[in-house]
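*Asks:* Predicted coordinates and the sequence they were generated for:
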Amino acid sequence: MDRRKFIKNSCTACLSAVVVTGLLSSCTATRYTSGTLGKDGLTIDANEFIQKGKQGYRSFIIIRNESLQYPICVYRFSVNNYSALWMRCTHQGTELQASGDRLHCPAHGSEFDNKGAVKTGPADKMLRGFPVTVSNNQIFIDLKAI
Ligand code: FES
């Protein structure tokens, strides 16, 4: 094999490995739960964040409950620190999509961080967030304000 072919084949193999590795790392399945709806809010088990078969925790899970008009994305920062964000874009109300530590709007491209702050417009208001309390490994999301 001549030098030029060798370099071309080597680069192709390296790029393929990089692409496959990137795809695999971004294929972590999103966890959905319906939670348990009570009079004042929703409860989910903190163990929902444990990644089975892997070490560590999911950074977020999504609560989809038929009683709610939009899902709620719950981000985990530590054992007792979570945010719960209404997945409704503050621009024109499109349902957001979660990816890593960001929420994206498929309608016009707004982006929010995992605390609900606007990172990219046209949205100019924070996402609605709900108070979260943790007790006995249960995460309670207070929905009284809905
Ligand atoms: S509705 Fe989300 S950016 Fe317009």
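*Replies:* Received the coordinates, thanks. Numbering: from 1, shown residues only.
*Asks:* all contacts plus neighbour counts: C-alpha atoms, from now on.
*Replies:* Noted.
*Asks:* Domains in the chain, by residue range?
*Replies:* 1-28, 31-142 (automatic domain parsing).
*Asks:* what's the closest of those domains to the ligand?
*Replies:* Among the domains of the chain, domain 31-142 comes nearest to the ligand, with 3.8 Å by CA to the nearest ligand atom.
*Asks:* Just checking the distance from that closest one to the centre of its chain.
*Replies:* Its chain's C-alpha centre and that of domain 31-142 lie 7 Å apart, by CA atoms, centre = their mean, to the nearest Å.
*Asks:* low-confidence ranges in this structure?
*Replies:* Along the chain, the model assigns pLDDT under 70 to residues 1-28, 145-146.
*Asks:* Show me which residues of it are close to the ligand?
*Replies:* Applying CA under 6 Å from any ligand atom, one finds that the chain approaches the ligand through 89, 91-94, 105, 107-110, 122-123.
*Asks:* Can you tell me which of the domains of the chain is most buried?
*Replies:* Greatest average neighbour count among those goes to domain 31-142 (a mean of 17), per mean count of other CA atoms under 10 Å.
*Asks:* From the opening residue of that one to its closing one, how far?
*Replies:* 21 Å (CA to CA, to the nearest Å).
*Asks:* Would you state the helices of the chain in chain order?
*Replies:* Ranges of helices in the chain, per DSSP state H, are 3-25.
*Asks:* can you map out the strands along it?
*Replies:* Counting by DSSP state E, the chain has strands at residues 32-33, 36-37, 41-45, 60-63, 72-78, 81-86, 97-99, 102-104, 111-113, 118-120, 129-130, 132-135, 138-142.
*Asks:* Outside of the second one itself, list whatever touches it.
*Replies:* The one in question is strand 36-37. Outside strand 36-37, the residues within contact range by CA atoms under 8 Å, 6 or more residues apart in numbering are 42-44.
*Asks:* What strands line up against that strand, and which way round?
*Replies:* Take DSSP bridges as the rule and strand 36-37 pairs in its sheet with strand 41-45 (antiparallel).
*Asks:* okay, the angle between the partner strand and strand 72-78?
*Replies:* Angle of strand 41-45 versus strand 72-78, following axes from the mean of the first three to the mean of the last three CA atoms, to 10 degrees, is 50 degrees.
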